[in-house]
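Novice: no FASTA, just this:
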């Protein structure tokens, strides 16, 4: 017993404590994930190998030391697997306390994993444990029972497979939407080709110089807006802001405005854009009408929004492509989102539960949805949990996931123009499809106005000049060719 305890503290606690510190600093200071992982494992592995080589010379290592580390690895992976399954894949859950206790020597790595929710740090913990076992196996190769080693490899492989499957199918990963870290974490769309400095460019251009050209950078109104509007106002800026491509060539170098993805032609999203307009960080934003909360925020800041209609857009509902339902009435949609209709069979579809997704509060599509619902209340949205180091566990509105029975809503250009969802079908509403032509002519029942929003009493005279340009034939041409319905129909 005493010998095993000595081996435990010497060959696991001490080794893992030092190795994890080396791994953490190597991981933290490398420039990319692959390189940091290699450096962390390489440096820690070299330390572990030299450590055991030295111990083997001073006091001969035994098979008991190898077995101890092998058991710890298996138990650690088993506890993590059970905790992951019990928490539904939420890796900051309290279910992981037993795992944290067992891997206490690697507390620095675990702490960072807990704060940031980084599964890669946890993988590093297991790889360090595995390195410990492999290096012991190399040193003790003539003393090991290979059948036992093979059994442990199979068991650990199975547990690792369950870990990967559970994590990849957790609610946070499934329902955070596209949510990859693009445009500083705000965008769910790859906007390569749409930024003002991209070459080749996908932006709509005029075949002649615009009547309005703003030459001085200080005169250029600062722009922001909804994600779906980014290609539109980038095209406008490219047309009328002189040398904007050179000015915004490296927006990431300005750390003060890092989150906005640009100094003049910025991008966050509808929620942040309205905040920034009220706080006078930007001068013009593009998107849907503001929510009541956004209007109140502006009022509290002593600002009043001025809404200028510049185009029209269709508000659409979509389902998975193999859903047999092609059309819903407005009343049926309201009943689904109120919770009165819960099965597709009730509207002529399959006997299948309706999973009706909503959008985050304050987003343009959610504001439009509330407007569409009128006096009919929305049922509680599906949510998932994430963890923030400052705020603890936070509930987010679950984003559309193309699962059986799913239904979602957005604006037409966001879905079709930016290819936001794959394998989906847009529904007709009240028997009318949301085609561009039906939106132009006003046939489609759920048409919303596309706005350029400014501040009442704006002092920069070029703000009004840009508004005039947006309503001119050239401005309306850019709006239409980008994918929206212009006003002149």
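Specialist: Looks like it came in fine. Small disclaimer: the values here were computed from a predicted structure and weren't measured.
Novice: could you look up the next helix or strand downstream of the worst-scoring helix or strand of the chain on mean pLDDT?
Specialist: Least confident helix or strand, the chain: strand 383-388 with a mean of 69, by mean pLDDT, DSSP states H and E. Going down the chain from strand 383-388, the next helix or strand is strand 392-397, by DSSP states H and E.
Novice: centre of the chain to the next helix or strand after that following strand, how far?
Specialist: Using DSSP H and E, the next helix or strand after strand 392-397 towards the C-terminus is strand 406-411. The chain centroid and the centroid of strand 406-411 are separated by 17 Å under C-alpha atoms, centre = their mean, to the nearest Å.
Novice: pairing partners for strand 406-411, with directions?
Specialist: Taking DSSP bridges as the criterion, strand 406-411 forms sheet pairs with strand 305-320 (antiparallel), strand 355-356 (parallel).
Novice: of all these, which lies closest to residue 103?
Specialist: strand 355-356 (37.1 Å; C-beta to C-beta). In short, each C-beta sits where N, CA and C put it, glycine included.
Novice: residue 360 contacts residue 366, correct?
Specialist: Yes. With contact defined as C-beta atoms under 8 Å, residue 360 reaches residue 366; the gap is 6.2 Å.
Novice: who has more neighbours out of the two?
Specialist: Higher neighbour count among residue 360 and residue 366: residue 366, with 21 against 16, using other C-beta atoms under 10 Å.
Novice: ok, the more buried one touching residue 358?
Specialist: Yes. Judged on C-beta under 8 Å, residue 366 makes contact with residue 358 at a distance of 6.7 Å.
Novice: joint contacts of those two?
Specialist: In terms of C-beta atoms under 8 Å, 6 or more residues apart in numbering, residue 366 and residue 358 are not both contacted by any residue.
Novice: any regions of the chain where pLDDT drops low?
Specialist: 1, 27-34, 116-117, 177-187, 250-260, 387-392, 488-489 (pLDDT under 70).
Novice: switch the cut-off to 50
Specialist: For the chain, the stretches flagged by pLDDT under 50 are 252-258.
Novice: report all helices and strands that the longest helix anywhere in the chain contacts.
Specialist: Of all the elements of type helix in the chain, the one with the most residues (DSSP state H) is helix 33-58. Where contact means 3 or more C-beta pairs under 8 Å, 6 or more residues apart in numbering; DSSP states H and E, helix 33-58 is packed against helix 15-29, helix 119-139.
Novice: make JSON lines from those helices and add mean neighbour count and distance to residue 418 to it.
Specialist: Compiled in JSON lines, the helices and strands packed on helix 33-58 are given as follows (neighbours: other C-beta atoms under 10 Å; distance: least, C-beta to C-beta, whole Å):
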{"stretch": "helix 15-29", "mean neighbour count": "19", "distance to residue 418": "35"}
{"stretch": "helix 119-139", "mean neighbour count": "20", "distance to residue 418": "29"}
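Novice: make TSV out of those and add distance to residue 247.
Specialist: Formatted as TSV, those follow (distance: least, C-beta to C-beta, whole Å):
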stretch	distance to residue 247
helix 15-29	33
helix 119-139	36
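Novice: on that earlier part again, of all the strands paired with strand 406-411, which one is nearest residue 201?
Specialist: That would be strand 305-320 among those, by C-beta to C-beta, at 21.0 Å.
Novice: now the element after that closest one, going C-ward?
Specialist: Where DSSP H and E defines the elements, the next helix or strand beyond strand 305-320 is strand 327-328.
Novice: sheet-wise, list the partners of that following strand with their directions.
Specialist: strand 428-429 (parallel).
Novice: so how far is the partner strand from its chain's centroid?
Specialist: Mean C-alpha position of strand 428-429 versus that of the full chain (C-alpha atoms, centre = their mean) differs by 29 Å.
Novice: which residues are contacting that strand?
Specialist: By C-beta under 8 Å, 6+ apart, the list of residues contacting strand 428-429 reads 316, 317, 326, 327, 328, 329, 330, 333, 434, 444, 445, 446.
Novice: make it 6 Å
Specialist: Residues from elsewhere that reach strand 428-429 (C-beta atoms under 6 Å, 6 or more residues apart in numbering): 327, 445, 446.
Novice: quick one on the thing from earlier: among the strands paired with strand 406-411, which is nearest residue 64?
Specialist: That would be strand 355-356 among the strands paired with strand 406-411, by C-beta to C-beta, at 53.3 Å.
Novice: got the buried residues for the helix or strand that the closest one is followed by?
Specialist: The helix or strand immediately downstream of strand 355-356 is helix 364-373, counting by DSSP H and E. Using 16 or more other C-beta atoms under 10 Å as the test for burial, helix 364-373 gives 364, 365, 366, 367, 368, 369, 370, 372.
Novice: re earlier: highest neighbour count among the contacts of strand 428-429?
Specialist: Neighbour tally across the contacts of strand 428-429 (other C-beta under 10 Å): the maximum, 22 neighbours, falls on residue 446.
Novice: gap between that one and residue 363?
Specialist: Here residue 446 is placed at a distance of 16 Å from residue 363 (C-beta to C-beta, to the nearest Å).
Novice: and for residue 420?
Specialist: Separation of residue 420 from residue 363 (C-beta to C-beta) stands at 13 Å.
Novice: my guess is residue 290 contacts residue 274. True?
Specialist: Yes. With contact defined as C-beta atoms under 6 Å, residue 290 counts as touching residue 274 (5.5 Å).
Novice: just how off-centre is stretch 233-244 within its chain?
Specialist: 28 Å.
Novice: ok, now stretch 203-219?
Specialist: 33 Å.
Novice: what's that stretch in contact with?
Specialist: Residues contacting stretch 203-219 (C-beta under 6 Å, 6+ apart): 220, 234-235, 238-242, 247, 462, 465, 469, 474, 478, 481-482.
Novice: same deal with stretch 120-131?
Specialist: 19, 23, 41, 44, 45, 48, 73, 103, 106, 109, 112, 113.
Novice: between those, which is closest to residue 382?
Specialist: Taking C-beta to C-beta as the measure, residue 113 is the one of the contacts of stretch 120-131 closest to residue 382, at 26.7 Å.
Novice: element containing that closest one?
Specialist: Using DSSP H and E, residue 113 maps to helix 107-116.
Novice: which of the contacts of strand 428-429 lies closest to residue 171?
Specialist: When the contacts of strand 428-429 are compared against residue 171 (criterion: C-beta to C-beta), the nearest one is residue 446, at 29.5 Å.
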